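>>> All I have is the shape, not the residue letters:
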């Protein structure tokens, strides 16, 4: 089961149910959270000589910070606490943990009030800063007091680690102002939606999820629209191959791709399709491309695009259209032909651009057709968005309206099912932002669909394996030098990784 991304109000209800079910107090949950963070910290930052400065608000996130300070001091780290007050209010759990701070372990405590000058805080210029200021309580634009503190922290050359969520970042909405830009975020039990939205994700750094013993029954029964896919979710989707099978048992994919200026797109899609386990793959393209494609991948079959009218559709198991087909007049006729076929389909690149000019075609798509837009293609299809939250909501509404699966490509690629549920992917890297990478993904999807993978399973599996192959390729390349062919060359390793882990 993918990891649920649960809204903050529902997390609070889960915490309350956990407290009741386990017969504990909320301060005990705070102790668990602080202990989990301190354990992670001591594993990652052993024998450091630099000071650890912990910024604490006076709410429960600040209470977590006080627990962390106490535990790190017990392990002989040099700890400074900066308590930032606003309006003089302190949560009860904060008060408890403030009293629990040891008096003889050398923890330095500085307190800042709303009207105090910020230059009285001994901000570190180097070392480690732990952010326990605001937590999930940020739901509106920060007042200048908080924003000024965050801005100064951001200017310092320190390692910055967020407790649960970077301060200044709402859990489920676009930030106003500037959050703390963290190198690490240690989030408790369930991730936050903001972690996977492009504008917010850049402030998260390396994300680690740590369980703190919240009730799994309460989590399981809490509804969610958003999920984080894990390797354990993908592994059982990989089909086993019968040793007595032949190529016809593994399907025949038809890929409509390529043009005079972009024959490589067809070649990449065809090669990745073959590497995904399909039995047969035919590239349908203009005649000039066929020799180029077959010289690179002789395992492919190639046919002239003009012959598609005479296609024997009963031997085709999946259709892909779009990579590098350009903007020729005949594309409308091609769509008219393929949309009358009852075959699973993936539409990418120029196929999506064509639909964006002929939006009535959206109503003609078969249920569970897979669309694979990057942000630019998506905005041309469904209109521009102010931010990633708005774009994701548009994707959810479009998937439900047209009964399609939308793969919104990018870092943390989102697979949006026709029921409106969203699955974020964890594999991949910035080196994959390169020409042809999307063509490779289209080929993988077409290959899996031809092998009778259910469309959602094909989308989730293809996105994971595509990203994982990019990660494997990065072991031999740099983010600058990685190219789309490198992704294809590591597909076999990725399938084996899923089988052996």
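Yep, it's here. A quick note: this is a predicted structure, and the numbers were derived from the prediction, not measured. Numbering: from 1, shown residues only.

>>> so who does the residue of the chain most remote from its centre touch?
Most distant residue from the mean C-alpha position of the chain: residue 104, 44.6 Å away (CA atoms, centre = their mean). Under the criterion of CB atoms under 8 Å, 6 or more residues apart in numbering, residue 104 has no neighbours. C-beta here means a position set from N, CA and C on the backbone, and glycine is covered the same way.

>>> helix/strand/coil for it?
The three-state label given to residue 104 by DSSP: H, G, I helix; E, B strand; the rest coil is coil.

>>> where in the stretch 1-150 of the chain is pLDDT low?
Under the criterion of pLDDT under 70, none of the stretch 1-150 of the chain is flagged as low confidence.

>>> Quick one: the strands in it, in order.
Counting by DSSP state E, counting those that start in this stretch, one finds strands in the stretch 1-150 of the chain at the ranges 3-5, 52-56, 79-84, 108-112, 128-132.

>>> tell me the domain boundaries of the chain?
What automatic domain parsing lists as the domains of the chain is 3-224, 232-500.

>>> Just the terminal-to-terminal distance for the longest one.
The stretch domain 232-500 measures 12 Å between its terminal residues, going by CA to CA, to the nearest Å.

>>> cool, and stretch 399-413?
15 Å.

>>> contacts for that stretch?
So stretch 399-413 is contacted by 195-196, 198, 201, 362-363, 365, 367-375, 378, 391-392, 395, 398, 414-420, 424-426, 428, 430, 438, 441, 455-456, 459, 463, 467 (CB under 8 Å, 6+ apart).

>>> what's the answer for stretch 462-475, then?
229, 231, 234, 276, 407, 413, 415, 425-429, 431-432, 437, 440-441, 444-445, 448, 482, 486-491, 493-495, 497-498.

>>> and what of stretch 254-265?
Judged by CB under 8 Å, 6+ apart, the contacts made with stretch 254-265 from elsewhere in the structure are 266-267, 269-270, 273, 281-286, 288-289, 292-293, 305, 308, 311, 316, 318-326, 328, 334, 338, 349, 351, 436, 439, 442-443, 446.

>>> roughly how far is that stretch from the heart of the chain?
Averaged C-alpha coordinates place stretch 254-265 at 29 Å from its chain's average position (CA atoms, centre = their mean, to the nearest Å).

>>> what comes up buried for the stretch of helix or strand residue 495 belongs to?
Residue 495 is part of helix 491-500 when elements are defined by DSSP states H and E. The neighbour-count criterion (16 or more other CB atoms under 10 Å) identifies 491, 494-495, 497-498 as the buried residues of helix 491-500.

>>> ok, the residues you listed vs residue 175, which is closest?
Nearest to residue 175 among the buried residues of helix 491-500, counting by CB to CB, is residue 494 at 34.7 Å.

>>> returning to what we had before: what about the contacts of stretch 462-475, which are in strands?
407, 415 (DSSP state E).

>>> In helices only, show me the contacts of stretch 462-475.
Among the contacts of stretch 462-475, the members found in helices (DSSP state H) are 231, 234, 437, 440-441, 444-445, 448, 486-489, 491, 493-495, 497-498.

>>> ok, residue 457 touching residue 238?
No - under the criterion of CB atoms under 8 Å, residue 457 makes no contact with residue 238, lying 9.5 Å away.

>>> quick one: average pLDDT of stretch 197-207?
Throughout stretch 197-207, pLDDT has a mean value of 97.

>>> now swap in stretch 306-326 and tell me
Stretch 306-326 shows an average pLDDT of 96 in the prediction.

>>> Tell me the buried residues in the helix or strand residue 289 falls within?
Here residue 289 sits within helix 287-296, counting by DSSP H and E. Neighbour-count burial for helix 287-296, counted by 16+ other CB under 10 Å, picks out 289-290, 293-294, 296.

>>> Not counting its own residues, what contacts that helix?
Outside of helix 287-296, the residues within contact range by CB under 8 Å, 6+ apart are 258-260, 263, 266-267, 270-271, 283, 285, 300, 302-305.

>>> cool, stretch 480-490 as well?
268, 271-272, 275, 429, 431-432, 434-437, 439-440, 466, 469-470, 472-474, 476-477.

>>> For the residue farthest from the centre of the chain, grab phi and psi.
Summarising the backbone geometry of residue 104 under the convention degrees, to the nearest 10, its torsions are phi -120, psi 20.

>>> and the gap between it and residue 74?
The gap separating residue 104 from residue 74 is 11 Å, by CB to CB, to the nearest Å.

>>> try residue 454
52 Å.

>>> For PyMOL, write the select line for the buried members of the contacts of stretch 399-413.
If you want just the buried ones from these in PyMOL, going by 16+ other CB under 10 Å, the selection is:
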select buried, resi 195+196+201+362+365+368+369+370+371+372+373+374+378+391+392+395+398+414+415+416+417+418+424+425+426+428+438+441+455+456+459+463+467
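
>>> Is it correct that residue 54 is in contact with residue 83?
No - here residue 54 does not reach residue 83: they are 9.3 Å apart, not a contact under CB under 8 Å.

>>> Looking at the closest residue to residue 284 other than its chain neighbours now. What's its pLDDT?
In space, not counting the residues next to it along the chain, residue 284 is nearest to residue 256; the distance is 4.7 Å by CB to CB, 6 or more residues apart in numbering. Looking at residue 256, its pLDDT reads 98.

>>> What is the burial count for residue 256?
26 (other CB atoms under 10 Å).

>>> which residues does it bridge with?
Judged by DSSP bridges, the bridge partners of residue 256 are residue 284, residue 321.

>>> Flag every buried residue along stretch 322-330.
With the criterion 16+ other CB under 10 Å, stretch 322-330 contains buried residues 322-326.

>>> and it, how far from the chain's centre?
Remark: stretch 322-330 is offset 30 Å from the chain centroid, using CA atoms, centre = their mean.

>>> contact partners of that stretch?
With CB under 8 Å, 6+ apart as the test, stretch 322-330 has contacts from 255-266, 268-269, 305, 331, 347-354, 438-439, 442-443.

>>> Pull out the buried members of these.
A residue is treated as buried here by neighbour count (16+ other CB under 10 Å); on that basis the buried members of the contacts of stretch 322-330 are 255-259, 262-266, 268-269, 305, 331, 347-354, 438-439, 442-443.

>>> Just the residues you listed: which are in helices?
Helix and strand membership here follows DSSP H; of the buried ones among the contacts of stretch 322-330, those in helices are 263-266, 268-269, 331, 349-354, 438-439, 442-443.

>>> measure residue 135 to residue 188 for me?
When CB to CB is the yardstick, residue 135 and residue 188 sit 10 Å from each other.

>>> hey, what's in contact with both of those two?
Between them, residue 135 and residue 188 share these contacting residues under CB under 8 Å, 6+ apart: residue 164.

>>> pLDDT below threshold where in the stretch 151-300 of the chain?
Residues of the stretch 151-300 of the chain that meet the criterion pLDDT under 70 are absent altogether.

>>> Just the helices from it, written as ranges.
Under the criterion DSSP state H, counting those that start in this stretch, the stretch 151-300 of the chain carries helices at the ranges 198-201, 216-221, 231-234, 263-275, 287-296.

>>> Dump the ones you listed to TSV, plus distance to residue 170.
What follows is these, written out as TSV (distance: least, CB to CB, whole Å):
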stretch	distance to residue 170
helix 198-201	8
helix 216-221	21
helix 231-234	27
helix 263-275	38
helix 287-296	48
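
>>> The closest residue to residue 228 other than its chain neighbours: how many residues sit nearby?
Counting by CB to CB, 6+ apart, residue 228 lies nearest to residue 3, which is 4.2 Å off, once chain neighbours are set aside. The burial count assigned to residue 3 is 20, neighbours taken as other CB under 10 Å.
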